[in-house]
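> pasting the structure only:
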């Protein structure tokens with residue numbers, strides 16, 4: 001385990017299929033980071049048998065969770081992480097209010113984003129990757145399924161890996177359109193207020209990882 005005098009906090013941007021989840025997993029292991037995903041946090045709170053949990057579940061079913069609720073859940077989950085451990089953050093900033101919320105939460109906890117990466121790939125490559133992958137129903141690990149294969153057993157948790165029902169051409173095109181229209185404003189905000197490091201995602205997993213860690217400097 002790597003011990004750093006100062007924990008690092010990393011945020012990833014990238015369209016679906018860019019491989020940011022795979023890179024986040026690898027970075028979390030290399031630098032002993034707590035990996036946090038916005039969707040996982042929402043689902044965790046939604047299954048809580050509390051009044052607030054029921055409200056979150058109802059809001060998720062309707063497709064809109066108020067930003068102040070997200071702020072509350074995010075701050076509480078972040079506060080549970082040991083102050084000496086860094087964070088690996090995914091999918092917290094798809095819209096402008098979310099990135100502003102993230103900066104506020106981190107500031108309240110006396111943390112800052114040390115590295116913000118954008119893994120950039122073209123839409124054609126993103127579509128190709130999404131059509132060939134499956135997701136574990138338990139741990140949400142993403143793997144590439146072979147041609148004609150619709151399900152596998154997850155090597156990490158033994159859950160079932162299946163093709164997502166929403167990963168068809170129509171749904172994928174809509175997700176990419178939403179990503180470009182909403183995230184462009186977020187990326188502009190980051191460029192104006194912080195440093196955004198752009199990584200060519202049209203490479204092998206190992207080459208993308210090498211490019212990313214070449215930017216990361218840690219205190220020994």
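Perfect, I can see it now. Note that this is a predicted model, so its numbers are computed, not measured.

> going forward, measure contacts between C-alpha atoms and count neighbours the same way
Will do.

> how about the strands in this structure?
Counting by DSSP state E, the chain has strands at residues 9-13, 33-37, 86-90, 115-120, 133-136, 142-144, 151-153, 160-162, 196-200.

> got a pLDDT number for the residue positioned nearest the centre of the chain?
With distances taken as CA atoms, centre = their mean, the residue of the chain nearest its centroid is residue 90 (2.0 Å). pLDDT for residue 90: 87.

> residue ranges with poor pLDDT in this protein?
Scanning the chain for pLDDT under 70 picks out 1-5, 146-150, 166, 220.

> The same query, at a cut-off of 50, please.
Along the chain, the model assigns pLDDT under 50 to residues 1-4.

> Would you state the helices of it in chain order?
With helices called from DSSP state H, the chain shows them at 20-31, 38-46, 51-62, 67-79, 96-108, 123-131, 169-193, 205-213.

> Can I get these in CSV including distance to residue 157 and mean neighbour count?
Listed next are the helices of the chain as CSV, based on distance: least, CA to CA, whole Å; neighbours: other CA atoms under 10 Å:
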stretch, distance to residue 157, mean neighbour count
helix 20-31, 15, 18
helix 38-46, 16, 15
helix 51-62, 25, 15
helix 67-79, 23, 15
helix 96-108, 30, 16
helix 123-131, 22, 16
helix 169-193, 27, 14
helix 205-213, 22, 14
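
> Please produce JSON lines containing the ones you listed, extended by distance to residue 144.
As requested, those are exported to JSON lines (distance: least, CA to CA, whole Å):
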{"stretch": "helix 20-31", "distance to residue 144": "11"}
{"stretch": "helix 38-46", "distance to residue 144": "21"}
{"stretch": "helix 51-62", "distance to residue 144": "28"}
{"stretch": "helix 67-79", "distance to residue 144": "30"}
{"stretch": "helix 96-108", "distance to residue 144": "30"}
{"stretch": "helix 123-131", "distance to residue 144": "8"}
{"stretch": "helix 169-193", "distance to residue 144": "16"}
{"stretch": "helix 205-213", "distance to residue 144": "13"}
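
> Let me know which of those helices is the nearest to residue 155.
Smallest distance to residue 155 across the helices of the chain (CA to CA): 14.3 Å, for helix 20-31.

> So what's the gap between that closest one and the chain middle?
Its chain's average C-alpha position is 10 Å from that of helix 20-31, according to CA atoms, centre = their mean, to the nearest Å.

> rewinding a little: which one of the strands of the chain lies closest to residue 182?
In terms of CA to CA, the element of those nearest to residue 182 is strand 9-13, at 12.2 Å.

> could you list every residue that touches residue 164?
With contact set as CA atoms under 8 Å, 6 or more residues apart in numbering, residue 164 has these partners: 134-135.

> swap the cut-off to 10 Å and go again
Taking CA atoms under 10 Å, 6 or more residues apart in numbering, we find residue 164 in contact with 130-131, 133-137, 150.

> repeat for residue 185
Here residue 185 is in contact with 94-96, 191 (CA under 10 Å, 6+ apart).

> Specify which member of those is nearest to residue 30.
Ranked by distance to residue 30 (CA to CA), the contacts of residue 185 are led by residue 94 at 25.7 Å.

> Nearest residue to that closest one in space, please, no chain neighbours.
residue 183 (5.5 Å; CA to CA, 6 or more residues apart in numbering).
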